[in-house]
Every structure is written in structure tokens, then in C-alpha cells.
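[1] Pasted the sequence and its predicted model underneath.
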There are 2 protein chains.
Amino acid sequence: MPLGERYAGDKSESRYCGVETEFNADMPNLLSFNIHGGFDFVLATLNSTMQMDPNYRPSLVDNATSRSHALPFAGSDLVLSPSQWSSHVVGKISSWLDLDSEDETLRKDSEVVLKQEIAWASHLSLQACLLPTPKGTSCANYAKCLNQILQNLGNMQLWLRIPLEKSEDDTKPPNPDFMGNGQIDSWELWNSFRLLSEHHSQLSVALDIMSSLPSASSVTRWFGEPSFLTNARGYPCLSKRHQRLATAFFDHSIQVVISGRPVHNIPLTVSEPNVDKNVEGGWRHPLKSYLDYVAFLYQKMDPLPEQERFEFGYRDYLQSPLQPLMDNLEAQTYEIFEKDTVKYSQYQRAVAKALVDRVPDENASSVTTVLMVVGAGRGPLVRASLQAAEETERKLKVYAVEKNPNAVVTLHSLVKLEGWEEKVTIISSDMRNWDAPEKADILVSELLGSFGDNELSPECLDGAQRFLKEDGISIPSSYTSFIQPVTACKLYNDIKSHKDLVHFETAYVVKLHRVARLADTQPVFTFVHPEDLTKTNNQRYKKLHFDIPSDTGSTLIHGFAGYFDATLYKDVHLGIEPATATPNMFSWFPIFFPLRTPVYVQPGTPIQVHFWRCCGPTKVWYEWGVTSPSALPMHNTNGRSYWVGL
Amino acid sequence: MPLGERYAGDKSESRYCGVETEFNADMPNLLSFNIHGGFDFVLATLNSTMQMDPNYRPSLVDNATSRSHALPFAGSDLVLSPSQWSSHVVGKISSWLDLDSEDETLRKDSEVVLKQEIAWASHLSLQACLLPTPKGTSCANYAKCLNQILQNLGNMQLWLRIPLEKSEDDTKPPNPDFMGNGQIDSWELWNSFRLLSEHHSQLSVALDIMSSLPSASSVTRWFGEPSFLTNARGYPCLSKRHQRLATAFFDHSIQVVISGRPVHNIPLTVSEPNVDKNVEGGWRHPLKSYLDYVAFLYQKMDPLPEQERFEFGYRDYLQSPLQPLMDNLEAQTYEIFEKDTVKYSQYQRAVAKALVDRVPDENASSVTTVLMVVGAGRGPLVRASLQAAEETERKLKVYAVEKNPNAVVTLHSLVKLEGWEEKVTIISSDMRNWDAPEKADILVSELLGSFGDNELSPECLDGAQRFLKEDGISIPSSYTSFIQPVTACKLYNDIKSHKDLVHFETAYVVKLHRVARLADTQPVFTFVHPEDLTKTNNQRYKKLHFDIPSDTGSTLIHGFAGYFDATLYKDVHLGIEPATATPNMFSWFPIFFPLRTPVYVQPGTPIQVHFWRCCGPTKVWYEWGVTSPSALPMHNTNGRSYWVGL
């Protein structure tokens, strides 16, 4: 029974809550007990008692030559229906396994049992298995065995159980061995595992939440990982920090499993009368109070804002950026963007301020300002400009320049419909080639991409600048791109699945969700309009240096998230840079620049990255490269993989 | 005129010596002066004076809009013949270029001139160009420009000029910026460059040898790099260390270019009368004494041993290991291996000792020892065993077991030719299946590969052990494999050129030459024969930990070189492990286990690597993985890329 709904039609994975169970030979009873108790699935041991404890277990290796004598190690698959197995049971692999033990017999037994139990779970079509926490300071043999298994595994997911812990002494250089030097950072263990298994998409992490929590920066790292499940202990007396953590994990679509025996003496009839009403005959699952508490935490979260709900389906979904010059937008694309009222009201404010600056009140009735909308689309900026003129009581003459002949058709009908024929002249032309009959006071455009200049606003506006008066105003008057390093397992895996270089050298537009932002953003390229075209060009080079907060611990960087901020006019800005983003605007998702090889960064090591904006006769492209902690191959040399056509 | 010959038919690249020249507008004269002076090629500036000095040069960027006005920047290509350009001239790119300058105009000018000069050199079909040393602490933009150039370059090589220098304070953690913290390690600069340019095969390093030299360990790193040329200054008064360095570079086929003005006041008629005889009319090139000194160093080197000469053509040439069980060897393969007299005399010594131990002198005439050669091939071990029996005056009965029917044909004729019919029984069978009529006292085999067990000696001898007496002797009685981390640019590039995963997950047999061995070898897997087959199997797992000497500096690891050492019997051993290698044996080259991604190792950071020997029903394979300094993907999971068939 899901925890609740944050909004009608809540689809979050976090709504489902599981429970870890003790070994029980009677699986049907175990399942019905817990499902009736309100849980959605159980974490259950699959094997029979025989192998539960290595002390009572004859070594399997000694018997290797007589495999045919092996006793049945698990109950029958017939005790549950196939759909019960696959919907409600997550297999729990024997926790005594130690695949990196110095004891060779234990190590080899562990290998045999691991393979056996996963094969059995796979036979039962379970959706997932929970793998025991690596025991010691090394996990190479464990990872090697899992790799062998993953190579031939069906669809089943493997969840590696990892305690959420990190010692807070970050001054020492990190030790390659997990827990060496008395330092603990369980993220290191997970990181080794997933690097050894090459980010296998069926391997995720199951975090065990302990009574004490590491620093917020260090916990943030996990938001970029495929962490499937939080194993919450100690409910219902969570600290504020635990509560915030649970909420943050819910926000990242992470599931909860309740584990352990009840440690709170809660009377069977609890004080709130309505809690017990639904329970038949007064029976309560012993962990029901804990489940209720998790549901309470889930339900008390702020409802998902409408915009987030609208964008839910786009989360972590990679899109290729538009090619606005080479391609013509489709009607439905215009439709979506035109609905962004926040954006156009910012434009209206900017135009209004510019009009007032340009024409003093005393000249308002005598002077007509010439305003050109370059890239007018289906007319939203024309409307915003006319509204600004009305609001400020300035006289305005508008040229609407648009290269897409399909949009021009709509423009004509809009002008007719609104009765703007006297004020608006429609020009069906590429602004770079148009021979304007007069010069403009104000040039208004909305050519910005997620990374500011990435849809070639600079090149277009350079072309349009010919018909801007020398003291004319461009709206936007400047824009700057920003980046920050991120952990983004899901995005990396999606890109890797293409098995080519091209996808690793492409920037994507993407609604970032399961992402860990590792440092504050920094500005990359700035463009100003109008500019002195004889002195500058649109090539850019920027060297950036990021320091990750010292209490974060080590991290893995899959790429850089990119944003922009634009100054439309004076103090009117517009942008998606997280710290200054314009609220409730939905026209832009961030951009993501991937790295071909994830970069492991130890605490205290700076990240140095270089971005170039390159221009050729027919295209513009970015190149990027990391030089610290160590150099990686340069990305997208000569725009070989990704470029925007002029 | 080459420096000399270390042996008849010397093919080493090191025999050619160049000279760096000052700018001279008269190229034909410059060339004939130096070639007549005894040099093989000149390093010459290609452009005209106009661009020599940025102080006198108008910025190119300001003129970017008027490219058509650019003045000719170089002399005519007609002044030399095409073959003169390509055989005798290496282009020297303007040394003032600073592609990472903070001064944007200088940086952009440098970009334009770099492209222009390399394009000109390419037009002249030069074999190589010398690129100026990066100026500062950063080289990302330089590398980015070179990448763009390399992507469209013909066959020309680019030699990046790097001073051979390293400060010896290795206690501090390294700074990502070259020369940051006052630390200098020019190898870091080169390493960043080649990582950024993805080990491009046309980019090499030209080392400038300075008056003081870094430590031997740190210089060793360069032997694994594509270092084309040593720029030697200060001749002819080299220190002993410089002399040893020159010799070591000669040994690694590295060319010398002499640079600078003469600083020694050497009389035109030198004391040794024969030096001057060849010079026409008494004219001497001002740097002739230096050239003579280099030639002297070259010629005084020990002559290349015959074995090295024989193996010259195999240097750094990757070969797939044999599949001795699945394939039958060819006659010429037997022919080559049988010539390894050192190997068979070691076997003879081992058999002789075993015979004497087995049969006391008093029983020598009464007891007949049964010896079985398993994998007899065309008979060399049969011969060695019979000679051992003769030498020790023991009576011997030999079974020669061989699975290759073609070799058996030769064996029969050998026995007939030698009159061994009474002593030798030939068995045409796979030793794993043979039903022996009696049990053996001694089992002799030569089933070892470069990595010891990699040709499945353990599996074969386990099969043969059935017909060895309980107290019988196996020769070899044990063998151990060894590995060490290496820098091996050439091998890495050859593997990378296949553009697939399979080649990165294959072990190769290779005569290692342009390789830097970064740490002493360590043992990996040991097998002992006979062994208790009920207790052990042939799977193995070994975790290895290498510390690179602290004065080496940072390094890049491309993979692991592998060797073996075998105990034939008691103190008689045989092997290729460098510290203990049997001299003058040529049957085995080392093995090389590559890494999919080169691993950058900073000073003081340990390397941790794991090797597994895995056995399936039809094949045996290795898996390997690095876990420190950071984890890499596991190699060859389930033997997906490389295996040896049973």
C-alpha cells in the first residue's frame, strides 16, 4: 500500500515501502503477514537454513568434485505464484558471504553461494536482490564475481548494501583502501565497486541509514548515484537531520525499506484513534508505527509544484539541443514556449524600461521608437513589446523579422486578428541577410539556449547589429553561461549505452534530477550586445577551477551541468543559473556536457576544466577538456561529434 | 652520415644525428653546409624573418578581417628538391609561440602562426616538425590546437620540445599545474599533453638535455615514451652520467640533435690525426667535434649481442600467445625452439640430478628408471634425457608422448636415425587421455609459456600425474609467474589502433624494448608438481601492491609486463624474470597485460592490481583489474576477450 500521494497521480518510486524480514521457511505466510501489515514488498532470505551459518555448514569447496550430492539449498519455487515472487519479494543474499576474505575456503564458499543464490533469484524472476555489504577493506574479488554474474544476468537488479557513513576527518590524504588509516567513507567502497563493474546499469546501491549521519555535503554525493533504497532504522524517533535526509531522498525517488525489530514500546492501541480504524480485528504489524511514520514524512512534504509535475516525465531524459538556424521549429514547440508567461513579462518589463530611457516623458507623444523583434516566431515578443509601449504610453513601430515561413503565416494572422497592421511590419527573412529600410532603436530577441550562446544568438545578433542605431539597445544586452561539476550516473549510463564516441562529445538539454551538484557554478562565456565587431569575435576560451567543499569526501564527476543568465535590460534579468534562476519559468532545462571517462576526485584536489567556443565558416561548436586532477582526452576536437550549424 | 655501426647491418634510428640551425634565408646553403659537415639532417626555421619576433610583428588578429592582405610568410618551396625537404629537413616552429598566454592577442597570434607554419611544413612534405616548449604552467590551449591540427594532418610527425628536468623534492604531494609550488617535473607537462591528445601516434617528445640531470629513476620513465630525439648540449665534455644517459637513449633507438654554438675552443687540427683525414681541404663544420664525440659514444657501446640482433625485428611487436592445446605447432616453430641449447642443457642437468637422486650408484646397473616426456614434440627433451642418463650412467626407459601427429612422424624418424628403438617408446596421444602401461619415475615436460602457466601446463600435468608414481618427480617441479607495471606508449597505441575492447583485454607475447619498467617484479601464481589433486585446483587469485621508487616522479602505467621462473629440479632453474633470467635463452619473450585506460600514478601513491586465473569446462583465462590509485573497469570478465582453450 503506497505511502500516500503528494499530488493526484503521484508516480514517484518513493511511495513504495518495503520491510526487511528474518528468515522464515514459510514464505507464503511471511509475505501475507507483511503485505497485510501495509508494506509493499519484503526483503526475504531465499535459501534454506542449511547455508545460513558457515559454522554449521560443510565447506562447499571440499565437495566440489561431488556436486551431484549437493543438497537442495532452497525451498520450492511453487510456494508463491510467479507474480507474487516478482512483485512483492526482493531476495536477500546470505549476509555471511565474504568474497574478499583472507580465508581461502570462506572466500571460495562465498563465491559458490553467491552464484547459486542469484541464479535461484533469477529463476524466480525476482525484480531485485539485496547483496551483503562488503566485509573489509577490499572488494576486488567481490566485484570480479559480480561482473561475471552481471554479464549473463537477465533483467534482475542487484542492490549492494552499503552503510551511509563517513568519518569527518578530511585533512589527511585519502587512503586507497576503504577504511585504511582509520578513515571511513562508504562512498569510496561503492565507487570502487561501480568503477570495477563499469557503471553496470543493473547494479545499484542500497544505503543503510545509521543513527549518526555524515555531513550534508557528503550525503549530497549519493543523489547522483543509482541508490534504490534507504534502509531506515530507528523510526519513529528520527532527528531533524534524519527527517531532512528522508525528505531529500524522497525527492530523489529513492525507496525506503524498514529493517530491524521494533525498539519502541508502543501500545497496541495508539493514542490517535483513526490510525487503528483500518486494521482488521485490532491486529497490527509490529513495525506498523514505523511504516506510519514514513508515510507521515512522505505526506507532509510540500506538494510538488505544478511546474515540477509538468516536467516530471522529462527528469534525466537526454535531449539533443535545437538546431534553430538549420531547422525550423514546429508549431507545437512554439506552442509550449509561448506559454512561459514569466519569461514574456520579464521581456515586457525590459522593453518598458528601455522605452522610458529612450524617450523622455515630454517626447512621448512626438517620438516614435523603432523596435525590431528579430526571430519573432509566432509573435509573443511583438505582443510583449506592444504591451510595454501601451504601459509606458510610448509610440512604437515594430518590425517582426522571422526566417521560418511557417511562423510568418501565423504572424500575419495574429497581426490581423489583433488589429496591429498600423504598428507592425512583418519581414520574412533571415535577420543576417535582411536589408532593413531604417535603423532600429531597440532590438529584441529571444535566441538564447540553455547555455546562453549555444543556439548562436551571438552570430545572429552580430548580423542584426547592422540595422541597430549606434546608440541603440539590444534586449538582451548581455548573457553569460555557467557550469558546475556533477555526479550523474544515470546520464552517464544512458550516454554509454550508445557505445560510441559521438554521444560522449555531445551536449544535451536535460531536466537534471538524479544528480549531485558538487560545487557552485562559475561563469564561462559572456556576450554583450551591441559590441564592437571590429575588435572582437565570438570565439571564446575559459579555464575554470573548481574546489569541492572539503567535507564532501571523494567524488566522481560524470560531466558538467550548464546554465545561463541574461541581462535583458539594466536590472531586468532572466536565467536558469540555480542561485539566481527566474522562478516559475519553464522554457529551458539545463545543458549537460559529459566526460568520456568519469573523473575520480579526491578531497582537496582541485578540478580544472577548459571550455572553448569555436567558430568555423559553417558551424559553431564547443570543445572541452579536463586537466586536473589528471588530463583526459580533449572532447569534440574540430566539432567532430557535436556542432550547431550556421 | 650515420654515426657508425655497432654491428654489420646496424638498423638503429640512433645512428642518425641532426643539428639545430639558426635562421638562414639561404636554405640550400644551410643544408649543404651541414650535410657536408657530417650531419644527417637539419632542424631549420621555416618562416621568413617577418614573424620571427613578436615585437616587430603586427598582430595577426587585428588583420583577421583582411586575410587576403597577408604577406608571404615563408620562402619558396622550390629552393630545395622534394626529396631534400623530406629527407634532410625537420621544420622548427617559431619558438616565441605561447598558446597559453594570458595575453589574448599573443595567444591568438600564436594559434594562427602555429597552424600556418605546420601547414607549410606539411606542404613541403617534411617528415617532422619540432614544436616549441610550452611556456608556462598550463598547456591546455596548446594541446587543443594541436589536436585540431593532428586530426587533419598527413603523415608528418610532431616533436614537442621538452626540457629534461625535475626537481628532486618529492615529499610534497604533486601539484596539478606543472611547476606549481616551485616544483618542476617536465614529464608532467608531456604527460598532460599526450593525455589531452589521446596518445596521438604522430605526437612525440623531443627532450632537451640540460647540464644537470634528474635522478636515474625519473629518467627511466622516458624510455617508455615516443621520445624521438635528444637535444644534446655541452659536448664534448659530458659527465659520466650524461654519457650513461646518452648510451641508454641510444639503446632505446633515440636520435640525437646537436644544438647551440660551439663553446669549446678546439684547434682546427685536433690531436688524433685520423679524425681529420676525411675532411676535404681542411674545412671543418664548427660543431664537428661535437658530432665526432657523439659518434665516439655510439661506437664505443658494447656490440649488440647476437641474441639481441636476432630479436631486433621483434622489438615491441605484439604477438598473440600460442594456443598449444587447440592448435598444432608448425615445423618452423619447432625448428626455432629446438635451437635454444641453453634451455635443453638446463633440462639435461635437471634430469641428471633427478636420476642420481632416484638411483644410488650401487643400483645404477640394475635399476631402470622410467621417464616420460609429455609433449615430446620432435624430440629435444628425449635427447636431453638420454644424454643425462648416459652422463650419469643410469639405465633409462623413455616414453615420448606427443599429441601432434605431425611431430610424431619426425619423432619416429629421429628414433630410427639415432638407434634409440630399444630405449624409447613413442606414444601418439594427448597426455590427458593416455592410458599408460606402467607408472613413471620422472615426468619431463616443457609446457611453459611466457607467464608460466599460460599455456596450460597445470592442466596438462594434472592429467599426466595419473601415471606418475606417488614418489615420482616432475621436471619442472614448480613455476611462478611475475609481473611489474610499465609505461609502454608504443604498445598502448598499437592496441588502441584496433578500436575495440577485445585487444585491450588480451595478453600479448612481446619483446619489450621501448618500455619503462617502473617497479621490481612480484610473484603472481605458483604451481607445484606433483600436487594433491583432491585439495587444490588451478584457479588462482592474487592481490599485488607496487610502490614506485619515490624519486621517479609521477608515471603513467599502460599495463603489466609478465615473466616466469621455473624450478626444473632442486637448484636447476629456468626463467625470464629479469633479475634471475637464464642467460642466452631465447624461447620466451615477456607477456604484456594491457590496461584499457592508462593509469596516472602520483608519487607516493601505491598501485594495487588483482590477477585471477579462472578455469571453465572448455577454457582457462585471466581476469585483471586495478583498484588503486583508483578503480578501473575489470578486464576480460568471463574470458570474453581472451582465453586459452582446453
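    Here it is on my side, so go on. Residues are numbered from 1 along each chain as shown, chains lettered A, B, ... in the order given.

[2] need the residues of the stretch 101-250 of chain A near chain B, please.
    The interface of the stretch 101-250 of chain A toward chain B, taken as C-beta under 8 Å from any C-beta of the partner chain, is made up of A:107, A:138, A:140-141, A:143-144, A:147-148, A:151-152, A:173, A:176-177, A:191-193, A:195-198. Where you see a C-beta, it was placed from the backbone N, CA and C, and this is true even at glycine.

[3] so where is the stretch 251-400 of chain A shaky, pLDDT-wise?
    Low-confidence segments of the stretch 251-400 of chain A, defined by pLDDT under 70: A:261-282.

[4] who in it is up against chain B?
    The stretch 251-400 of chain A comes close to chain B at no residue, as judged by C-beta under 8 Å from any C-beta.

[5] And the residue of the stretch 251-400 of chain A that's closest to chain B?
    Closest residue of the stretch 251-400 of chain A to chain B, C-beta to the nearest C-beta: residue A:321 (21.7 Å).

[6] Run through the residues that contact that residue.
    Applying C-beta atoms under 8 Å, 6 or more residues apart in numbering or on different chains, one finds that residue A:321 lies in contact with A:449-450, A:454-455, A:507-509, A:591, A:644.

[7] Now do stretch A:506-513: everything it contacts.
    Counting by C-beta under 8 Å, 6+ apart, stretch A:506-513 makes contact with A:252-253, A:311, A:314-322, A:449-451, A:454, A:486, A:488, A:491, A:495, A:561-562, A:588-594, A:622, A:636, A:641-642, all of which sit outside it.

[8] Okay, and which of the contacts of residue A:321 map to strands?
    Counted as lying in strands by DSSP state E, out of the contacts of residue A:321, are A:508-509, A:591, A:644.

[9] Tell me the confidence at the spatially most central residue of chain A?
    Nearest to the centroid of the C-alpha atoms of chain A, with distances taken as C-alpha atoms, centre = their mean, sits residue A:513, at 2.6 Å. Looking at residue A:513, its pLDDT reads 92.

[10] and the closest residue to residue A:200 other than its chain neighbours, what does it touch?
    The spatial neighbour of residue A:200 that comes closest, neighbours along the chain excluded (C-beta to C-beta, 6 or more residues apart in numbering or on different chains), is residue A:150 at 5.0 Å. Neighbour list for residue A:150: A:158, A:197, A:200, A:202-203 [criterion: C-beta under 8 Å, 6+ apart].

[11] Residue A:150 is in what secondary structure piece?
    Using DSSP states H and E, the secondary-structure element containing residue A:150 is helix A:140-151.

[12] What pairs with the strand ranked longest in chain A, parallel or antiparallel?
    Secondary structure of chain A read by DSSP E shows that its longest strand is strand A:555-569. Using DSSP bridges, the neighbouring strands of strand A:555-569 in the sheet come out as strand A:478-487 (antiparallel), strand A:572-575 (antiparallel), strand A:591-601 (antiparallel).

[13] export that strand as PDB, just CAs?
    Presented in PDB, the C-alpha positions along strand A:555-569 are these (Å, rounded to 0.1, in the frame of the first residue of the first chain):
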ATOM      1  CA  THR A 555      33.600  12.300  -5.700                       C
ATOM      2  CA  LEU A 556      33.200  11.100  -9.200                       C
ATOM      3  CA  ILE A 557      32.400  13.600 -11.900                       C
ATOM      4  CA  HIS A 558      30.400  12.500 -14.900                       C
ATOM      5  CA  GLY A 559      30.300  15.900 -16.600                       C
ATOM      6  CA  PHE A 560      29.300  19.500 -16.200                       C
ATOM      7  CA  ALA A 561      25.800  21.000 -15.800                       C
ATOM      8  CA  GLY A 562      25.400  24.200 -17.800                       C
ATOM      9  CA  TYR A 563      23.100  27.200 -17.300                       C
ATOM     10  CA  PHE A 564      22.800  30.800 -18.400                       C
ATOM     11  CA  ASP A 565      21.800  34.100 -17.000                       C
ATOM     12  CA  ALA A 566      20.800  37.000 -19.300                       C
ATOM     13  CA  THR A 567      20.500  40.700 -18.600                       C
ATOM     14  CA  LEU A 568      17.600  41.800 -20.700                       C
ATOM     15  CA  TYR A 569      17.900  45.500 -19.800                       C
END
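
[14] Report the distance from that strand to the chain centre.
    Mean C-alpha position of strand A:555-569 versus that of the full chain (C-alpha atoms, centre = their mean, to the nearest Å) differs by 13 Å.

[15] Also stretch A:343-353?
    Distance, centroid of stretch A:343-353 to centroid of chain: 31 Å (C-alpha atoms, centre = their mean).

[16] By proximity to chain B, which residue of the stretch 201-350 of chain A wins?
    Taking C-beta to the nearest C-beta as the measure, the stretch 201-350 of chain A has residue A:203 as its residue closest to chain B, at 12.3 Å.

[17] Reformat the contacts of residue A:321 as CSV; add neighbour count and pLDDT.
    Shown next, in CSV, are the contacts of residue A:321 (neighbours: other C-beta atoms under 10 Å in any protein chain shown; pLDDT from 0 to 100):
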residue, neighbour count, pLDDT
A:449, 22, 95
A:450, 25, 96
A:454, 24, 96
A:455, 22, 94
A:507, 27, 97
A:508, 23, 97
A:509, 21, 95
A:591, 26, 97
A:644, 22, 94
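
[18] Now the strands paired with strand A:555-569 in CSV, please, with extra columns for distance to residue B:338.
    Shown next, in CSV, are the strands paired with strand A:555-569 (distance: least, C-beta to C-beta, whole Å):
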stretch, distance to residue B:338
strand A:478-487, 59
strand A:572-575, 78
strand A:591-601, 47
